[in-house]
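Asker: Below is the sequence, then the predicted model.
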Amino acid sequence: MHLPDYKEARTRDHRDYQRISYEVDSAVQNKYKGKTFFIKTYGCQMNEHDSENIEAFLSYLGFSKVDNYLKADLVWLNTCSIRENAHNKAFGMLGRLKHLKNEKKDLLIGLSGCMAQEVSVVETIMRDYPFVNFVVGTHNLHQLPSIIDKAIVENQQQIEVFSREGDLIEGLPVVRANSYKAYVNIIYGCDKFCTYCIVPYTRGRERSRAKEDILKEIDELIQDGYKEVTLLGQNVNAYGKDLYENYHLGDLLEEIALKNIPRIRFMTSHPWDFNDRMIEVIAKYPNIMPSVHLPVQSGSSRILKLMGRRYTRESYLELFHKIKDTIPGVSISTDIIVGFPGETEEDFQETLSLVHECQYDNAFTFIFSTREGTPACKLPDNVSLEEKEERLHRLNEVVNTYFLENNKKLEGQVLKVMVEGVSDKKDMYYGYSETNKLINFSSSQEVKPGDIIDVLITSAKTWSLDGKVE
Ligand code: SAH
Ligand code: SF4
Ligand code: F3S
């Protein structure tokens with residue numbers, strides 16, 4: 001048994017980590033053939049990509065996937081700690097599973113992801129949820145097959161959570177959710193320690209994958225017919241800093257852009273590490289999508305300082321405008337937190353005025369959620385929840401007007417859309433533009449997922465556009 005420890009999780013040093021190739025344990029291959037699994041993912045794209053590895057591990061053990069947890073022999077929750085509601089959802093599901101396990105004694109239950117790294121969550125599971133069979137941390141996901149096997153063979157709860165990152169394991173098996181677009185991890189962890197955020201504790205130190213490993217994975221995806229790759233990291237802009245003297249995200253993007261892949265995306269970008277070289281490269285190559293997610297969090301320099309964001313309102317705006325002016329047609333989206341401890345109405349007004357200036361194409365807005373173990377936990381907070389909810393509502397009204405306004409400018413234009421599938425509305429397809437806008441469209445010709453086609457935009461809505469293929 002290994003239990004998480006926050007003190008250790010917070011530690012940063014420069015010890016070397018090894019690149020190790022994943023080795024399968026052939027003794028467990030197909031050992032559980034005939035059994036089924038259901039997996040639920042609660043978190044970000046990285047968490048989704050981890051689920052693609054988990055599916056591959058479970059398939060190797062012989063489990064096959066089902067879409068209804070009531071029909072599964074094994075239910076896996078891949079959890080997220082970012083805000084309280086993500087927590088509540090996972091615990092809500094554990095509550096339902098408790099009842100199910102009363103009727104179905106052989107049901108297996110597993111939990112992984114960022115919640116597994118939280119000391120209080122693991123303590124709660126050990127105390128109140130003894131029926132959970134396995135808990136696996138983010139740093140030792142590769143041990144999943146042996147942990148499952150041990151729990152079943154020994155008929156005992158297994159809690160295996162490493163507090164610190166270990167070696168970087170290459171070649172993990174993966175069952176990708178799509179056959180035309182793929183996630184590719186380029187950097188793990190986060191060293192930014194924004195005062196409100198739990199990720200540096202759950203995902204460890206920033207560790208870049210070697211460029212050769214990334215480029216090889218992309219070459220294989222191209223060979224397999226993939227049309228789009230999304231480079232993933234909690235802060236992709238920090239790519240290479242821990243590994244190379246002089247090779248960063250701009251250089252990696254350029255090398256990938258020179259390959260024969262139609263669409264390259266990347267997320268997320270912390271404004272701190274966004275350099276001119278990156279902007280130049282994105283502007284230069286048509287297969288790097290002109291779509292940048294640039295979380296601002298707040299428009300008040302005072303709050304940004306309390307958040308530990310390392311930029312001011314002014315330096316953010318300077319970067320924002322440089323990106324807008326240099327990359328033709330770029331769309332910029334953001335994340336905003338309202339109700340950070342001590343946020344005054346004046347601070348909030350600064351956020352609103354920044355939104356008026358930036359006129360974002362998309363924005364994810366949140367009420368501050370206290371995360372145990374983070375510095376913001378200890379800050380005095382005298383703003384009521386009611387007031388915070390009201391600010392969120394006012395903010396959403398403003399951001400929404402700009403989504404619609406920006407979308408309206410696209411009416412009558414022909415956009416390149418990558419088809420995703422058939423939309424809920426009958427006879428309509430859907431897909432995403434280069435700037436990551438959701439397009440619902442009709443087409444007299446048959447189109448299939450992964451096709452990139454020209455769509456004439458006929459009308460704009462707040463969160464999507466309608467169009468047709470002529
Ligand atoms: N690494 C990314 C963000 C990843 S988390 C970045 O820094 O750009 C995604 C978003 O969740 C953050 O941008 C932030 O807006 C929000 N978030 C993180 N911690 C939060 C908390 N404690 N309460 C509310 N929102 C939070
Ligand atoms: Fe969290 Fe900040 Fe790291 Fe983003 S950059 S993951 S918000 S600590
Ligand atoms: Fe959630 Fe962990 Fe991602 S906290 S947002 S799953 S890195």
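Answerer: Received the coordinates, thanks. Numbers count the residues shown, from 1 in each chain. Ligands and ions are numbered 1, 2, ... in the order given.
Asker: ok, which residues in the stretch 101-250 of the chain are in contact with ligand 1?
Answerer: Taking Cβ under 6 Å from any ligand atom as the contact definition, the stretch 101-250 of the chain meets ligand 1 at 196-197, 234-235. C-beta here means a position set from N, CA and C on the backbone, and glycine is covered the same way.
Asker: which one of those residues sits closest to ligand 3?
Answerer: When those are compared for distance to ligand 3 (Cβ to the nearest ligand atom), residue 234 comes out closest, at 6.1 Å.
Asker: interface residues of the chain facing ligand 3?
Answerer: Looking at ligand 3, the residues of the chain close enough under Cβ under 6 Å from any ligand atom are 43-44, 46-47, 80-82, 113-114, 198-199, 202-203.
Asker: on that earlier part again, keep the residues of the stretch 101-250 of the chain next to ligand 1, but drop any that are not near ligand 2.
Answerer: Contacts with ligand 2 are made by 197, 234-235 out of these, judged by Cβ under 6 Å from any ligand atom.
Asker: quick check, nearest of the residues you listed to residue 154?
Answerer: Checking these against residue 154 with Cβ to Cβ, the nearest one is residue 234 at 35.1 Å.
Asker: Please report the distance of residue 245 from ligand 2.
Answerer: 23 Å (Cβ to the nearest ligand atom, to the nearest Å).
Asker: Name the helix or strand for that residue, please.
Answerer: For residue 245, there is no enclosing helix or strand under DSSP states H and E.
Asker: ok, now residue 266?
Answerer: Using DSSP H and E, residue 266 falls in strand 263-267.
Asker: Same question for residue 56.
Answerer: Assigned by DSSP H and E, residue 56 belongs to helix 45-61.
Asker: Could I get the buried residue list for that helix?
Answerer: Going by neighbour count (16 or more other Cβ atoms under 10 Å), the buried part of helix 45-61 is 45-47, 49-58, 60-61.
Asker: ok, now stretch 440-453?
Answerer: 440-441, 443, 447, 449-453.
Asker: can you tell me which of those residues are in strands?
Answerer: Counted as lying in strands by DSSP state E, out of the buried residues of stretch 440-453, are 440-441, 443, 452-453.
Asker: State the distance spanning the first to the last residue of stretch 357-375.
Answerer: Stretch 357-375 has an end-to-end distance of 30 Å (Cα to Cα, to the nearest Å).
Asker: does ligand 2 sit close to it?
Answerer: No: for stretch 357-375, no contact with ligand 2 is found by Cβ under 6 Å from any ligand atom; the gap never falls below 8.9 Å.
Asker: Quickly check the ones in strands among the buried residues of stretch 440-453 for the two that are furthest apart.
Answerer: Across these (Cβ to Cβ), the longest gap, 16.5 Å, separates 440 and 452.
Asker: Give me the mean pLDDT for stretch 103-114.
Answerer: Stretch 103-114 shows an average pLDDT of 96 in the prediction.
Asker: Straight-line length of that stretch, end to end?
Answerer: 29 Å.
Asker: before we move on, what about stretch 309-317?
Answerer: End to end - Cα to Cα - stretch 309-317 spans 14 Å.
Asker: Kindly report the same for stretch 103-121.
Answerer: Note: stretch 103-121 ends 25 Å apart using Cα to Cα.
Asker: So which bits of that stretch are buried?
Answerer: Buried-residue list, stretch 103-121, by 16+ other Cβ under 10 Å: 107-119, 121.
Asker: Greatest separation within those residues: which pair is it?
Answerer: 107 and 119 (26.5 Å).
Asker: Tell me the residue of the protein that sits nearest ligand 3?
Answerer: With Cβ to the nearest ligand atom as the measure, residue 43 is the residue of the chain nearest to ligand 3, at 2.6 Å.
Asker: Can you report phi and psi for that residue?
Answerer: For residue 43, the backbone dihedrals are phi -110, psi -150 (criterion: degrees, to the nearest 10).
Asker: isn't it right up against residue 87?
Answerer: No: if you go by Cβ atoms under 8 Å, residue 43 and residue 87 don't touch, sitting 11.2 Å apart.
Asker: For the protein, which residues are neighbours of ligand 2?
Answerer: Counting by Cβ under 6 Å from any ligand atom, the chain sits next to ligand 2 at 190, 192-194, 197, 199-200, 234-235, 270.
Asker: hmm, which of those residues are the buried ones?
Answerer: 190, 192, 194, 197, 199-200, 234-235, 270.
Asker: Turn those residues into a markdown table, including pLDDT and secondary structure.
Answerer: A markdown table is the format used below for those (pLDDT from 0 to 100; DSSP: H, G, I helix; E, B strand; the rest coil):
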| residue | pLDDT | secondary structure |
| --- | --- | --- |
| 190 | 95 | coil |
| 192 | 95 | coil |
| 194 | 97 | coil |
| 197 | 97 | coil |
| 199 | 97 | helix |
| 200 | 96 | helix |
| 234 | 94 | coil |
| 235 | 94 | coil |
| 270 | 94 | coil |
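Asker: closest to residue 153 among those?
Answerer: Proximity of these to residue 153, judged by Cβ to Cβ, is greatest for residue 199, which lies at 34.2 Å.
Asker: Not counting its neighbours along the chain, what's nearest the closest one?
Answerer: residue 190 (5.0 Å; Cβ to Cβ, 6 or more residues apart in numbering).
Asker: same check, this time on residue 443
Answerer: That would be residue 469: by Cβ to Cβ, 6+ apart, it lies 3.9 Å from residue 443.
Asker: Also residue 365?
Answerer: Of all residues not flanking residue 365 in the chain, residue 336 sits nearest, at 4.9 Å (Cβ to Cβ, 6+ apart).
Asker: now do residue 282
Answerer: residue 288 (4.9 Å).
Asker: tally of neighbours for that neighbour?
Answerer: 21 (other Cβ atoms under 10 Å).
Asker: Run through the bridge partners of it.
Answerer: For residue 288, the beta-bridge partners are residue 264 (DSSP bridges).
Asker: ok, now which ones touch it?
Answerer: Neighbour list for residue 288: 253, 257, 264, 281-282 [criterion: Cβ atoms under 8 Å, 6 or more residues apart in numbering].
Asker: mind listing which of those residues are in strands?
Answerer: Short answer: the contacts of residue 288 in strands (DSSP E) are residue 264.
Asker: Would you mind checking the contacts of residue 288 for buried ones?
Answerer: 253, 257, 264, 281-282.
Asker: From residue 195, how far out is the closest residue to ligand 2 within the stretch 201-350 of the chain?
Answerer: Closest to ligand 2 within the stretch 201-350 of the chain is residue 234: 4.1 Å, counting by Cβ to the nearest ligand atom. Here residue 234 is placed at a distance of 16 Å from residue 195 (Cβ to Cβ, to the nearest Å).
Asker: Now do the strands in the stretch 1-150 of the chain.
Answerer: Taking DSSP state E, counting those that start in this stretch to define them, one finds strands in the stretch 1-150 of the chain at 19-21, 36-41, 64-65, 74-79, 108-113, 134-136.
Asker: mean pLDDT for those: which is lowest?
Answerer: Minimum mean pLDDT among the strands of the stretch 1-150 of the chain: strand 19-21, a mean of 91.
Asker: Direction included, what does it pair against?
Answerer: When sheet partners are counted by DSSP bridges, strand 19-21 sits next to strand 168-170 (parallel).
Asker: Quick one: name whatever helix or strand follows the partner strand.
Answerer: Downstream of strand 168-170, the first helix or strand assigned by DSSP H and E is strand 181-185.
Asker: Understood, closing this out.
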